[in-house]
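**Student:** only geometry, no sequence info:
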């Protein structure tokens, strides 16, 4: 059974533009995989706590030596990682806030990047353990940044997912959303068209 992990990181929840684009893709995916399963990780409705020294210690402490609080922290992280392991495909809604990714998404990333679980260290450097997965990122911005030095999101997300072993990655952008009604409408229409094209390609591949 095909499994898709849907990650919403917009602080506006279902009203966020990145969420709406994400939902459009997930609807197409579900139509193409009637027996498939969609896992939802909504970082607005259920934010992951920001990483602290205490939470990090829970990951590095041996399981048999963890306190009750550390076991709870590790179990939360384990659930997030289990979702990723189960997923064949990951769809991420990615707004830009102050030139970067949402802090809730960074907290999520901090809880899934665990040595021995999602990556391992080798004599040649780190190697990702979540291989064989595809990721699609639906990025929305108020201005236009793709392809410029100010687009720190694309490089960061691409590098982070590759660190975990996820290298089959595609971005869909909707930019200029705060630059007036006409640019906003055009950007969303173009992004929706790109998503529909992704659905068409997926149908042909199937």
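**Tutor:** That came in fine, so what should we check first? None of the values given here were measured: they were computed from a predicted structure.

**Student:** show the contacting residues for residue 20.
**Tutor:** residue 14 (Cβ atoms under 8 Å, 6 or more residues apart in numbering). C-betas here are computed from N, CA, C, even on glycine.

**Student:** helix, strand or coil for the closest residue to residue 73 other than its chain neighbours?
**Tutor:** Leaving aside its chain neighbours, residue 73 sits nearest to residue 58 (3.8 Å; criterion: Cβ to Cβ, 6 or more residues apart in numbering). Counting by DSSP: H, G, I helix; E, B strand; the rest coil, the backbone at residue 58 sits in helix.

**Student:** how many neighbours does residue 58 have?
**Tutor:** 20 (other Cβ atoms under 10 Å).

**Student:** repeat that for the one 5 residues further on.
**Tutor:** Residue 63 has 9 neighbours, counted by other Cβ under 10 Å.

**Student:** hey, what's the residue positioned nearest the centre of the chain bridged with?
**Tutor:** What sits nearest the mean C-alpha location of the chain, by Cα atoms, centre = their mean, is residue 92, with 3.8 Å. Note on residue 92: beta-bridge partners by DSSP bridges are residue 7, residue 137.

**Student:** quick one: it and residue 140 touch, right?
**Tutor:** No. Residue 92 lies out of contact with residue 140 (Cβ atoms under 8 Å); the separation is 11.5 Å.

**Student:** need the residues that contact the lowest-mean-pLDDT helix or strand in the chain.
**Tutor:** In the chain, no helix or strand scores lower on mean pLDDT, DSSP states H and E than helix 181-205, which sits at a mean of 84. For helix 181-205, contacts defined as Cβ under 8 Å, 6+ apart pick out 17, 21, 24-25, 28-29, 31-32, 136, 138, 140, 170, 172-178.

**Student:** pretty sure the residue nearest to residue 73 is touching residue 68, no?
**Tutor:** No. Assessed by Cβ under 8 Å, residue 58 is found out of contact with residue 68, at 10.7 Å.

**Student:** count the neighbours of residue 98 for me.
**Tutor:** Counted with other Cβ under 10 Å, residue 98 comes out at 7.
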